[in-house]
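Participant: how would this look folded up:
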Amino acid sequence: QVQLVESGGGLVQPGGSLTLSCAASGFSKSNYAMSWYRQAPGKERELVAAIISAGGSTNYADSVKGRFTISSDNAKKTVYLRMNALKPEDTAVYYCNLAYIFLGSHYDYWGQGTQVTVSS
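Facilitator: Residues are numbered from 1 along each chain as shown. Coordinates of the predicted model:
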């Protein structure tokens, strides 16, 4: 059974930094994508950043480019999100996502979410 366990959220002042971690277990695929999404109160869930296991290609939302960095340790099946220069508008529940295709079917898994609050 696939499990995603997130950690690292919390309260931080504007301009501060946080690093989120997401450890995946229960799957053995070598080609997959891991992503971070976020959902603020009253808003839809949005993609923040994504990384592909094969090659390490990354993608970022325009709102976080230059401030956030996604990275991964494929051996540990863990993805990280380093968040710098945090703004109040970054406040949201951050969710880890694992996605892969196997035998023509798409598989999608979500973590439980971790709260990030940016406030003075």
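Participant: tally of neighbours for residue 64?
Facilitator: Residue 64 has 22 neighbouring residues, counting by other C-beta atoms under 10 Å. Placement of C-beta: from N, CA and C, glycine included.
Participant: which one is it nearest to, not counting chain neighbours?
Facilitator: Counting by C-beta to C-beta, 6 or more residues apart in numbering, residue 48 is the residue found nearest to residue 64 once chain neighbours are left out, at 5.8 Å.
Participant: so the one you found is in contact with residue 94, correct?
Facilitator: Yes - the criterion here is C-beta atoms under 8 Å, and residue 48 meets it with residue 94 at 7.1 Å.
Participant: next, show the common contact partners of these two.
Facilitator: 36, 37, 38, 81 (C-beta atoms under 8 Å, 6 or more residues apart in numbering).
Participant: tally of neighbours for residue 76?
Facilitator: The number of residues packed near residue 76 is 11, by other C-beta under 10 Å.
Participant: surely it is in a helix?
Facilitator: No - read with DSSP: H, G, I helix; E, B strand; the rest coil, residue 76 is coil and lies in no helix.
Participant: got the contact list for it?
Facilitator: With contact set as C-beta under 8 Å, 6+ apart, residue 76 has these partners: residue 23.
Participant: that one and residue 17: what is the separation?
Facilitator: Per C-beta to C-beta, to the nearest Å, residue 76 is found 22 Å from residue 17.
Participant: centroid-nearest residue for the protein?
Facilitator: Here the mean C-alpha position of the chain is nearest to the C-alpha of residue 36 (C-alpha atoms, centre = their mean), at a distance of 2.2 Å.
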